[in-house]
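Participant: Just a sequence and a predicted model for now, questions to come.
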Amino acid sequence: MRPATSSNFQTWGIRLSDRMRAALIDTDVGAASELALHGDGQTRDLAREYAFMMRGLGFTLQVLLRLLTETTSWAGRANRVTVQAAAVADADLSCLLTRLLDGLRRGEADEAPPTVPSLLADTCIRELQASQERFTLDQARRADEIVQSLTHGRAQSALDLLDAKDHAYLALHDTMIRFMADSFAWVVGHFGNRALLDFHLAAAEGQRAGFEKWEQMQAAEFAATTAFLLKQHMGRVQVQEDERRFTIRQSPCGSGGRLRLDGAYEGPQLLPFVEGPDPLTFGEARMPVYCTHCAIWNGAATLRWFGRAQWVFENPASEDGGCTLHIYKRREDIPSDYARLVGLPAAGGPHEAR
């Protein structure tokens with residue numbers, strides 16, 4: 001991404017592929033070709049449109065996979081679980097990891113996975129890396145096909161191929177997002193709210209370098225980076241600016257919001273809500289389990305590290321799938337009551353003590 005200025009903030013939430021669709025609807029094949037080959041100033045080119053998100057999600061999942069295999073042990077040391085309950089938790093974890101592995105392999109034949117959670121997690125990490133390599137090659141191939149269609153003036157074919165390219169991305173993206181949600185649900189279901197809080201703090205610590213990089217950005221650059229990240233979840237993102245802050249509205253949020261709209265909190269294998277109010281729920285009475293990570297990673301953890309919440313949420317996780325967050329230009333303008341909603345006691349949890 002090139003350095004952001006607030007003068008072009010209205011465009012920050014528009015994906016490269018959607019700019020190409022708009023150009024093709026206007027019958028401007030030349031503009032669509034230019035976007036595919038040379039990007040839009042945020043994304044380098046069509047082949048690498050979703051590379052940023054895939055790298056980020058891949059790293060996050062590796063952090064979670066390592067933490068998951070340790071959770072039963074530290075929960076036992078904290079007297080949160082009996083030996084029998086720990087065995088049940090490990091069995092459920094093996095099922096969770098096997099579902100991830102099946103999703104990454106997409107039905108491709110391979111040897112039977114191990115059943116021990118730690119070994120299964122290692123297998124998932126290797127398969128995750130392999131799936132990302134396959135994804136990179138597949139997206140490049142699809143981008144080449146789109147460019148060829150544009151070269152020959154086949155606008156409708158290019159539109160169809162753009163849709164297929166996005167669907168291929170969503171297949172992997174949504175597998176990863178559902179695994180994150182299932183991981184959080186496994187922790188809170190077996191070990192309770194405090195364990196989920198500690199798990200989130202440990203996951204944030206494992207990704208701290210990224211948050212520290214964000215902390216060094218000016219507000220406009222950070223808002224542009226945030227919008228870029230959020231739009232790659234495939235929701236609708238709009239950015240507004242006033243004297244004090246940037247406001248980013250998602251309708252819906254492309255990760256937690258789409259999970260909710262797609263029925264993940266209903267029916268078989270439903271995800272739970274976390275009951276509050278507490279930092280996990282932004283002080284609300286209840287919160288979808290997936291959405292609790294934003295309260296901790298982007299709020300409680302950054303409050304501890306930097307003295308401020310990097311993202312300040314307003315009406316988080318709405319029933320319609322929407323979610324709004326603010327990025328303040330000056331930390332002194334951040335509402336003090338928000339820190340009280342997501343802030344934590346001084347004492348750390350088991351993960352922090354290691």
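Facilitator: Received it, and whenever you're ready, just let me know what you need. Residues are numbered from 1 along each chain as shown.
Participant: so how many other residues sit close to residue 198?
Facilitator: 25 (other CB atoms under 10 Å). Yep, even glycine has a C-beta here, placed from its N, CA and C like the rest.
Participant: Now do the host helix or strand of it: everything it contacts.
Facilitator: Following DSSP states H and E, one finds residue 198 within helix 193-206. By CB atoms under 8 Å, 6 or more residues apart in numbering, the residues outside helix 193-206 that reach it are 60, 63-64, 66-67, 71, 74-75, 78, 80, 184, 187-188, 211, 274-275, 278-280, 289, 292-293, 296-297, 300-301, 344, 348-352.
Participant: Test my guess that residue 211 contacts residue 308.
Facilitator: No. Residue 211 lies out of contact with residue 308 (CB atoms under 8 Å); the separation is 11.3 Å.
Participant: Find residues that contact each of the two.
Facilitator: With CB under 8 Å, 6+ apart as the test, residue 211 and residue 308 both reach residue 302.
Participant: in the protein, which ranges drop under the pLDDT threshold?
Facilitator: 1-7, 107-111, 346-354 (pLDDT under 70).
Participant: Quick one: the helices in it, in order.
Facilitator: 16-25, 29-38, 51-77, 83-105, 117-151, 155-191, 193-206, 208-215, 219-231, 256-261, 292-295, 301-306, 336-342, 350-353 (DSSP state H).
Participant: any idea which of those helices is most buried?
Facilitator: Of the helices of the chain, the one with the most neighbours on average (mean count of other CB atoms under 10 Å) is helix 292-295, at a mean of 26.
Participant: Export that helix to PDB, keeping only CA atoms.
Facilitator: Output of helix 292-295 as PDB, limited to C-alpha atoms (Å, rounded to 0.1, in the frame of the first residue of the first chain):
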ATOM      1  CA  THR A 292     -14.900 -11.400  21.500                       C
ATOM      2  CA  HIS A 293     -11.400 -11.400  20.000                       C
ATOM      3  CA  CYS A 294     -11.800  -7.900  18.800                       C
ATOM      4  CA  ALA A 295     -12.600  -6.700  22.300                       C
END
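Participant: Quick one: residues in contact with that helix.
Facilitator: Residues contacting helix 292-295 (CB under 8 Å, 6+ apart): 180, 184, 196, 200, 203, 256, 274, 279-282, 287, 311, 313, 316, 342.
Participant: hmm, 6 Å instead?
Facilitator: 200, 274, 279-280, 282, 342 (CB atoms under 6 Å, 6 or more residues apart in numbering).
Participant: Make TSV from those and add distance to residue 52 to it.
Facilitator: TSV is the format used below for the contacts of helix 292-295 (distance: CB to CB, whole Å):
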residue	distance to residue 52
200	23
274	29
279	28
280	27
282	26
342	26
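Participant: before we move on, back to that, tell me which of the helices of the chain sits nearest to residue 269.
Facilitator: Residue 269 sits nearest to helix 155-191 of all the helices of the chain, at 8.2 Å, using CB to CB.
Participant: and the closest one with helix 16-25, angle?
Facilitator: 150 degrees (axes from the mean of the first three to the mean of the last three CA atoms, to 10 degrees).
Participant: how far does helix 155-191 sit from the chain's center?
Facilitator: 10 Å (CA atoms, centre = their mean, to the nearest Å).
Participant: Run through the neighbouring helices and strands of it.
Facilitator: With contacts defined as 3 or more CB pairs under 6 Å, 6 or more residues apart in numbering; DSSP states H and E, helix 155-191 has these neighbours: helix 16-25, helix 51-77, helix 83-105, helix 117-151, helix 193-206.
Participant: where exactly do the strands run in the stretch 251-354 of the chain?
Facilitator: Along the stretch 251-354 of the chain, the stretches classed as strands by DSSP state E, counting those that start in this stretch are 273-275, 286-288, 312-314, 323-328.
Participant: right, so those strands: which one is the most enclosed?
Facilitator: Burial of these is given as mean neighbour count (mean count of other CB under 10 Å); strand 323-328 ranks first at a mean of 22.
Participant: so it versus helix 219-231, what angle?
Facilitator: 160 degrees.
Participant: picking up where we left off before, and which of the contacts of helix 292-295 is nearest residue 126?
Facilitator: Among the contacts of helix 292-295, and counting by CB to CB, the member closest to residue 126 is residue 200, at 25.5 Å.
Participant: And the closest one, how far from residue 186?
Facilitator: 13 Å (CB to CB, to the nearest Å).
Participant: And for residue 342?
Facilitator: 23 Å.
Participant: Would you agree residue 302 is in contact with residue 312?
Facilitator: No. With contacts counted by CB atoms under 6 Å, residue 302 stays clear of residue 312, the gap being 10.6 Å.
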